[in-house]
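*Asks:* sequence and predicted model, in that order:
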Amino acid sequence: MMRSERTFALALGGVTLAALALRLWRLPALGGFDWDEAATVYIAGRPVLDMLTYLRGAPFEHPPLYYLLAHAWLALGRDETVLRTLSALLGALAVPFVGLLGAAVFDRPVGLVAAALLAAAPAHVFYSRDARMYPLLTLLVLVGTYALVRAARPAGQSDATGDGEVAGDPSPPHGRAGWWALWGVAALAALATHYYAAFALGGQALYLLWTRGRERRVWLALGGLGLLAGATLAGWWALAPGLRHSLGGLRLASLAPDDAALSLWRAVGGLLRGPFPEEPTALEEAAAALGVGLLIALAVQAWRRSRAGGRLLATVGLAPLLGLVALMLVGRDLNVRFLLMLLPFAVLALAAGWEALRPRRWAIAAAAAWAVVVVPWLVPYYGEYVRGDYAQALRVVEAAEQPGEAVVFNGPWQTLLFDYYYQGHLPAHILTGAVPLVERDVGAALSELAGRYQGFWLLETDMGHADPTGFVPRWLARYAYAEEVADFRQVRLAHYLLEGGALAEMSVERSTGGVALETLGIEPGGPRPGQAVRVALGWRVEEAFDPGLKVALRLRDAQGRAWWGADPWLDAGWLDAAPPAPGDRLWTRAAIPLPADAPAGPYNLEVVVYRSTAQPESGEGWVAWSAPPLVLSLGPGPGGEVAAAPISHR
């Protein structure tokens, strides 16, 4: 028996070290912080009293335990790798506890298999490399559950060895006070980490009542913990106006059935297969479905194998999920990170069911199926995934910024990452603190700022919440000149020149695609190497407007070589709520940059109006060119000024 215990301990230690290695491997390659991680630095980097004051007052914030731990950890350094290492350690620590829990409620082989599954579980790996509180919450729920199982175990029962042998209980009844105390401490610490821990604690209470509900000590333990937890939460509620504001804002307004089903599926499927991208492929969805199917099938096998273990999985694993699903009644989405504390019980079900499979060829098939679920997620994650690239966007700004320009944001939270990463010298302005923005107020703010600066760098993120109608880029498309637009993982970066001197405006009068190009305005002097020239095309709507129309612009030299191109939506600068009607005017504005090694000219501007399937309203599966390109000569006129003359429709 002692050899078996030693072998189990060594094997579990090896799996734990492997888990730590997986969580630390290529950690610096994850790149910059994401938004939530930036919030961690923003909050945890404050002095302790200031931090607690902030957490008390901030709505929709978390309890303080993780931030206090992160505050102490930041003494080692404030860069991404240092802070994420804390999560990696917390995540790796969960692995031995799931092994011990598996050995306690099933047997040691189940514990080892469960530990190995958690060590390589994509969702656990992902969030164990993220500077947030979810690895700590998962660890505390696991520690509390293991302590509860040990405390509530009948006298004389200990871990099964895997070969039918049952060892003597190392914790006699009078010595179990320590396990009860550890359970209470872990439970309170979990509540002090995340409010959703209440669902896990409810599951633990159900487990006690189901398995030991007739014992007086169980009721005493539950009553004592309930009083402590209630007093702690009540005290924090009294001290924290932010929490009161958050709870007061909850209303019985459930998600639409389709949205609720999608949210549940993405959360549960992502928990097993790994977090989904924004637009998962059919293969990714199929892999998640395979993972969910395996979990259901093997959980049934685990129940048949051990009713005691099945009760634990049903109460501590499944019941909290039902509680979290109930949050949809007040309009709250599910997310993989909220379910992470339940993942250890899912891998326990997988391990116990897998160990029970007979004949063994079924176990081999199940193992192969699980590899199909997780390996295609892990390989690209370690090979190419980047967590944050906001700093890269700011490096572009720093390299090209000019005096007289400013940085503008479409939401207040962007300053978290901007303040952390920006090393340039431009002033920064938050256009609004309202989410979603109020168009009238933001339009007034943009007009005021446009009178003070020569150019804007616009940093856009979370468009669905902050600017759902795309008002800010529409306003800038109407009144400014886009020089550069670049999409990063975290942010869309756009550079705009504002009104300078008057443009030389020429009449064109060419109809194409239901609109007529009336005028072309261009800066005096025309395209010049090493500079950006402002160009404005004025359109008149002639027919019922098609919202799928784009205009392709190409600047070509005399030899036909393209030096610049852009494809803006034709109605990109339309600000009214109603669509454009016949007779309305539209504007396409751009700042055309030429590299310093470009020829002196002359240049032609090639213009094509076409229908694009990139916008849902335009139809599916086809692109229609309205006419051959309209080519406008931007050569010098008789007096040296720039003249825009239509050459041809090619």
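*Replies:* Received the coordinates, thanks.

*Asks:* use CA for all of it now, contacts and neighbours both
*Replies:* Fine.

*Asks:* ok, the nearest residue to A552 once chain neighbours are set aside to A356 distance?
*Replies:* Counting by Cα to Cα, 6 or more residues apart in numbering, A552 lies nearest to D567, which is 4.5 Å off, once chain neighbours are set aside. The spacing between D567 and A356, counted by Cα to Cα, to the nearest Å, is 60 Å.

*Asks:* of the two, which one has the most company?
*Replies:* A356 (20 against 14; other Cα atoms under 10 Å).

*Asks:* I'd say the more buried one and V300 touch.
*Replies:* No. The pair A356 and V300 fails to qualify as a contact (Cα atoms under 8 Å) at a distance of 10.2 Å.

*Asks:* and the helix or strand containing R440, which residues are buried?
*Replies:* Secondary structure from DSSP states H and E places R440 in helix 439-450. For helix 439-450, the neighbour count (16 or more other Cα atoms under 10 Å) marks 439, 442-443, 446, 449-450 as buried.

*Asks:* give me the contact list for that helix.
*Replies:* Identification of contacts with helix 439-450 by Cα atoms under 8 Å, 6 or more residues apart in numbering yields 431-432, 471-472, 475, 498.

*Asks:* which two of those residues have the greatest separation?
*Replies:* Using Cα to Cα, the two most remote members of these are T432 and L498, lying 20.2 Å apart.

*Asks:* in a helix, A494, correct?
*Replies:* No. Counting by DSSP: H, G, I helix; E, B strand; the rest coil, A494 is located in no helix; its state is strand.

*Asks:* verify the contact between it and L458 for me.
*Replies:* Yes. Between A494 and L458 there is a contact under Cα under 8 Å: 5.2 Å.

*Asks:* now stretch 124-133: mean pLDDT?
*Replies:* For stretch 124-133, mean pLDDT is 98.

*Asks:* same thing with stretch 533-544?
*Replies:* 94.

*Asks:* any buried residues in it, and which?
*Replies:* Using 16+ other Cα under 10 Å as the test for burial, stretch 533-544 gives 533-542.

*Asks:* out of those residues, which sit inside helices?
*Replies:* Residues of the buried residues of stretch 533-544 located in helices (DSSP state H): none.

*Asks:* ok so, going back, so the residue nearest to A552 sits against V551, correct?
*Replies:* Yes. Because the distance of 5.5 Å satisfies Cα under 8 Å, D567 is recorded as touching V551.

*Asks:* before we move on, the earlier item: give me the more crowded residue out of A494 and L458.
*Replies:* L458 (24 against 19).

*Asks:* shouldn't the more buried one be in contact with V407?
*Replies:* Yes. In this structure L458 lies within contact range of V407 using Cα under 8 Å: 6.0 Å.

*Asks:* any idea how far the residue nearest to R176 when sequence neighbours are not counted is from A181?
*Replies:* For R176, ignoring the flanking residues on the chain, the nearest one in space by Cα to Cα, 6+ apart is A151 at 5.6 Å. A151 is 9 Å from A181, where distance means Cα to Cα.

*Asks:* higher neighbour count, those two?
*Replies:* Neighbour count, other Cα under 10 Å: between A151 and A181, A151 has more, with 23 against 17.

*Asks:* element containing the more buried one, please.
*Replies:* Assessed by DSSP H and E, A151 sits inside helix 134-152.

*Asks:* run the chain-centre distance for that helix.
*Replies:* Mean-position distance between helix 134-152 and its chain equals 27 Å (Cα atoms, centre = their mean, to the nearest Å).

*Asks:* buried ones in that helix?
*Replies:* For helix 134-152, a neighbour-count test (16+ other Cα under 10 Å) marks 134-152 as buried.

*Asks:* where does the protein dip in pLDDT?
*Replies:* 1-3, 155-175, 249-253, 462-464, 613-627, 635-650 (pLDDT under 70).

*Asks:* domain parsing for it?
*Replies:* Domain assignment for the chain by automatic domain parsing gives 2-24+35-384, 390-497, 504-649.

*Asks:* first-to-last residue distance for the shortest one?
*Replies:* Think domain 390-497. With Cα to Cα, one end of domain 390-497 sits 22 Å from the other.

*Asks:* now do that domain: distance to the chain's middle.
*Replies:* Relative to the mean C-alpha coordinate of its chain, domain 390-497 is positioned 21 Å out (Cα atoms, centre = their mean).

*Asks:* and if you look at the last one?
*Replies:* How far domain 504-649 lies from its chain's middle: 37 Å, per Cα atoms, centre = their mean.

*Asks:* now swap in the first one and tell me
*Replies:* Averaging C-alpha positions (Cα atoms, centre = their mean) puts domain 2-24+35-384 20 Å from its chain's average.

*Asks:* quick check: buried residues in stretch 570-577?
*Replies:* 570-575.

*Asks:* whoops, stretch 267-281 was the one
*Replies:* 267-276.

*Asks:* what residues are up against the closest residue in space to R273 that isn't next to it in sequence?
*Replies:* Spatial nearest neighbour of R273, chain neighbours left out: A288 (5.1 Å); criterion: Cα to Cα, 6+ apart. By Cα under 8 Å, 6+ apart, the contact list for A288 reads 269-270, 272-273, 373.

*Asks:* and which of those is nearest A516?
*Replies:* Looking across those and measuring by Cα to Cα, the closest to A516 is G270, at 49.6 Å.

*Asks:* hmm, that closest one is touching A121, no?
*Replies:* No. G270 is beyond contact range of A121, at 10.7 Å (criterion: Cα under 8 Å).

*Asks:* could you list which of the contacts of A288 belong to helices?
*Replies:* Per DSSP H, these map to helices at 269-270, 272-273, 373.

*Asks:* need the residues you listed in JSON lines with distance to V397, can you?
*Replies:* Formatted as JSON lines, the ones in helices among the contacts of A288 follow (distance: Cα to Cα, whole Å):
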{"residue": "G269", "distance to V397": "39"}
{"residue": "G270", "distance to V397": "35"}
{"residue": "L272", "distance to V397": "39"}
{"residue": "R273", "distance to V397": "37"}
{"residue": "V373", "distance to V397": "41"}
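
*Asks:* of those residues, closest to G77?
*Replies:* For these, the minimum distance to G77 (Cα to Cα) is 31.7 Å, reached by G270.

*Asks:* residues contacting the closest one?
*Replies:* 123, 276, 288, 336.

*Asks:* could you export those residues as JSON lines, including secondary structure and distance to A326?
*Replies:* Below are the contacts of G270 laid out as JSON lines (DSSP: H, G, I helix; E, B strand; the rest coil; distance: Cα to Cα, whole Å):
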{"residue": "A123", "secondary structure": "helix", "distance to A326": "22"}
{"residue": "F276", "secondary structure": "coil", "distance to A326": "22"}
{"residue": "A288", "secondary structure": "helix", "distance to A326": "22"}
{"residue": "V336", "secondary structure": "helix", "distance to A326": "16"}
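
*Asks:* can I get the residues you listed in JSON lines with distance to A346?
*Replies:* As requested, these are arranged in JSON lines below (distance: Cα to Cα, whole Å):
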{"residue": "A123", "distance to A346": "12"}
{"residue": "F276", "distance to A346": "18"}
{"residue": "A288", "distance to A346": "14"}
{"residue": "V336", "distance to A346": "13"}
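
*Asks:* quick one: P96 and G13 touch, right?
*Replies:* Yes. The pair P96 and G13 qualifies as a contact (Cα under 8 Å) at a distance of 7.2 Å.

*Asks:* neighbour-wise, which of the two wins?
*Replies:* The neighbour count for P96 versus G13, taken as other Cα under 10 Å, is higher for P96 (28 against 17).

*Asks:* if I look at that one, how far off is A115?
*Replies:* From P96 across to A115, the span is 6 Å (Cα to Cα).

*Asks:* before we move on, what about S511?
*Replies:* For S511, the distance to A115 equals 69 Å [Cα to Cα].

*Asks:* which one's more surrounded, these two?
*Replies:* Set side by side, S511 and A115 show more neighbours around A115, with 32 against 17, by other Cα under 10 Å.

*Asks:* go through the helix or strand where that one lies and flag the buried ones.
*Replies:* In this structure, A115 sits in helix 108-119 according to DSSP H and E. In terms of neighbour count (16+ other Cα under 10 Å), helix 108-119 has its buried residues at 108-119.
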